[in-house]
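J.: from the sequence below, what's the structure:
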Amino acid sequence: MSLKKDIPESWKIEKIGSLGKVITGKTPSTKVMEYWDKLDVPFITPGSIDENLYVNNFLRYVSEKGAQTGRILQRNTILTVCIGSTVGKVALVSNRCITNQQINAVICNKNIDPIFLYYAILYRAKYLKQLAGVAAVPIVKKSLFENFRVFLPPSHGEQIKIGEILSNIDIIIYQTQQLIDQLQLLKKGLMQRFFTEGIGHTEFKETRLGFIPKEWDIIKIQKLIEDRIILKLQDGNHGSLYPRKHHFYSPGLHYISANQIDEKGSVQIEKASLISHDYIKVLQKGFGEPGDIILAHNATVGRVGLIPDNGPKYIASTSITMYRINRELLNRDFVFYFMQSNIFQRQLKRIMPQSTRNQVPITAQKNLYFLIPKVPLEQQKIAAILSNVDGIIQSNDKHLFELKRVKKGLMQQLLTGKKRAHIN
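T.: Model (predicted):
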C-alpha cells in the first residue's frame, strides 16, 4: 500500500536510516563489578521509557568505565524500543547515557530536527509493533528499523515548528500529571493523619489497629451489620446462578465487577456489560443501588469504589462486595475514605495469604474493623476535606484527558501535512 496518498505532494517518505545514524545499545558485562559500582551514567532500559518526551526515569546506572564499554549517547538522541513486549515506545535522551540492546538509538543528521523525528516515529509506532510480529519475544531487527519509513515535511523550519507545537503540549501534559501526582500524595498524607490522629484530638489510646483518638470507636463489621449501621454487605450470584455469556444483552442493568474500579476509586460504570432484565428476574442477590460502596475482594483486591448517588441501579459480580451504609447513623463518605486507608487495606492484606485464591471472602470481611469518630461532625469534616481533594484530582484528570485528546488530533494533522505549521 502506498503511503504517499496520506501526505501532500511536497512532503517525502523517508527511511529512518537515511535521517540519522542508528545505534543498537549494549549492556556492560554484569560480571565486572567496577562497571556497576558507581552512579556515573544512566543505563536506560525499556522500563525507563514512559509517555513523556524525555527520559527522566533513571532506574539503573553504570560507572564511567562501564559506560565506555557501551555506546554513549548525548541529549536529543531518539530512543526506540525494538525488542520485547513494549516495542514502539519512544523517547528522547535528556542526559548523557547508554542503553541496553533492546533499544535502537537514532542520532539525527544536521538537517533533521530530533524533536520532530521523535514525534514522526511515535505517530507511526503502531506499524513498528506490527513489524515485530507476534513471537514470544517480539523483535524489530536493526535493518528493519533502519528501513522503517516516516513522513517528512519539505523544510527543516517546518520540522522545528511541528516539534515546538507538540512538545509545548507535552510540557503542559507533564506538568498536569505532576500536579495530579502531588495531589495524590497530599491525599495519602491527609488520610494517614486523619485516620490516626483525627481532627483536634490530644488524647489517644492503643488498639489492635494502632493508636487512635481516645474518643473514637473501633467496631467489627459484623457488629455494624447487627446494629443496622451497615444495611447490606453482599456480593454477586455464585454457582448455577452465575451469569453466562448468553445472559448479557440489552435492555438490562450494568454488571459491575472489580475491573470497573480504577485505582483512584472511580467506578467506570459505562464500561460494564449489561445483564438482561430477563435473567435478572432469576437472580437471588447482588442488587446494587446508587450510593453503594463497592470493594474488590477478588482480582484487584482492595480497590474501593463509590456508586454515585445519581448513578444507576446495578448487579454486583462475584468479584466485588457492596456495602450499603445507613447514612442516618454513619457518614457514608467517611467509610469510603477509611476503606481506602492503609489501616483498612492492611487488614485485607493480612487475610489474603490465608485464602487459597488470594481473595477476601465476605465471611472474613465481617471480622474486619472500622474506626469511627463518635462525633458525626468529625466524620463529616474528614470526608469533606478528602472529597475536596478528590474533586481537584478529578478536575485535573479531565484536563489531562482533554490535553491528550488534543495532542492526538494535532499529531494526526501536523505529521501528515493536513494542517501546516506556519513558519514566522
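J.: domain map for this protein?
T.: Per the record, the chain has its domains at 4-152, 154-185+375-424, 216-373, by automatic domain parsing.
J.: moving C-terminal of the lengthiest helix in the chain, what's the next helix or strand?
T.: Determined from DSSP state H, the single longest helix within the chain is helix 156-197. Downstream of helix 156-197, the first helix or strand assigned by DSSP states H and E is strand 204-207.
J.: give the buried residues for the helix or strand bottoming out on mean pLDDT in the chain.
T.: None of the helices or strands of the chain scores lower by mean pLDDT, DSSP states H and E than helix 125-132, at a mean of 90. Within helix 125-132, the residues scored as buried using 16 or more other CB atoms under 10 Å are 125, 128-129, 131-132. The C-beta positions use only the backbone N, C-alpha and C, and glycine is treated the same way.
J.: what's the spacing between it and its chain's center?
T.: Between the centre of helix 125-132 and the centre of its host chain there is 23 Å, according to CA atoms, centre = their mean, to the nearest Å.
J.: need the contact partners of it.
T.: Identification of contacts with helix 125-132 by CB atoms under 8 Å, 6 or more residues apart in numbering yields 80, 82, 87-90, 121, 138-140, 144-145, 148.
J.: with stretch 189-198 instead?
T.: Outside of stretch 189-198, the residues within contact range by CB under 8 Å, 6+ apart are 204, 210-213, 215-216, 337-338, 340-343, 371, 373, 378, 382, 385-386, 389.
J.: Gly288 reaches Tyr314, doesn't it?
T.: Yes. Look at Gly288 against Tyr314 with CB atoms under 8 Å: they come within range, at 4.1 Å.
J.: common neighbours of those two, please.
T.: Taking CB under 8 Å, 6+ apart as the criterion, Gly288 and Tyr314 both touch 256, 307.
J.: before we move on, which element is the most centrally placed residue in the chain in?
T.: Residue closest to the average C-alpha location in the chain (CA atoms, centre = their mean): Glu263, at 7.6 Å. Assignment of secondary structure by DSSP H and E places Glu263 within no helix or strand.
J.: picking up where we left off before, please produce TSV containing the domains of the chain, extended by distance to Thr196.
T.: TSV is the format used below for these (distance: least, CB to CB, whole Å):
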stretch	distance to Thr196
domain 4-152	32
domain 154-185+375-424	12
domain 216-373	8
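J.: next, the contact list for Ile320, please.
T.: Neighbours of Ile320 in contact, by CB under 8 Å, 6+ apart: 235-236, 256-258, 261, 294-298.
J.: of those residues, which is the nearest to Leu403?
T.: Top of the list for closeness to Leu403, among the contacts of Ile320 and by CB to CB, is Ile261 at 24.7 Å.
J.: just to check, the closest one is in contact with Val301?
T.: No. Ile261 is beyond contact range of Val301, at 10.8 Å (criterion: CB under 8 Å).
J.: neighbour count winner among those two?
T.: Relative neighbour count places Ile261 above the other of Ile261 and Val301, with 24 against 19, counting by other CB atoms under 10 Å.
J.: residues touching that one, list them.
T.: 267-268, 294, 296, 300, 303-305, 320.
J.: do that again at 6 Å, thanks
T.: With contacts defined as CB atoms under 6 Å, 6 or more residues apart in numbering, Ile261 is in contact with 267, 296, 303, 305.
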